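[1] Show me how the following folds:
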Amino acid sequence: MFLIVAKYLIPKGYRGMALFPFVLVKYDFDKTNGVFVNHEKIHLRQQLELLIIPFFIWYFLEYLIRLIQYKNAGLAYRNISFEREAYDKESDLNYLKNRSFFQFLHYIKIGYKQ
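    I've put the predicted structure just below:
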């Protein structure tokens, strides 16, 4: 994993983005934020499991489905299965050591979350 400060590549309203094998952050101080970096590392693992390109296709399609479902961009983003797993487990800094393959699938069937 490579942490890179890329202020102008991060979309407005976001602080970081995982693009295997890179984690792009908007602000230098986020490079030392363990919880934030762990969230992005979870995305890197998800990307590896789905062989990178299929991850982004799934991510985008699930976002569109959630956008239709919730009619709200913020709720759609937060309810993507990949994001749900990352937000749920970002504070567990040992999570990736014990994480099962395709764990994000458990977050597809969980109901509405704000």
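[2] longest helix of the chain?
    Ranked by number of residues, the top helix in the chain under DSSP state H is helix 53-70.
[3] where along the chain do the strands fall?
    For the chain, applying DSSP state E gives strands covering 2-5, 16-19, 22-25.
[4] what are the ranges of the helices in the protein?
    34-49, 53-70, 73-78, 81-89, 95-98.
[5] a markdown table please, covering those helices and showing mean neighbour count, distance to Phe22 and mean pLDDT.
    Backbone N, C-alpha and C define where each C-beta goes, glycine included. A markdown table is the format used below for those (neighbours: other Cβ atoms under 10 Å; distance: least, Cβ to Cβ, whole Å; pLDDT from 0 to 100):
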| stretch | mean neighbour count | distance to Phe22 | mean pLDDT |
| --- | --- | --- | --- |
| helix 34-49 | 19 | 9 | 98 |
| helix 53-70 | 14 | 14 | 97 |
| helix 73-78 | 14 | 20 | 95 |
| helix 81-89 | 20 | 16 | 97 |
| helix 95-98 | 12 | 17 | 98 |
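[6] now do the same end-to-end measure for stretch 77-85.
    End-to-end span of stretch 77-85 (Cα to Cα, to the nearest Å): 12 Å.
[7] Could you check how far that stretch is from the centre of its chain?
    Relative to the chain's own centre, stretch 77-85 is displaced by 7 Å; criterion: Cα atoms, centre = their mean, to the nearest Å.
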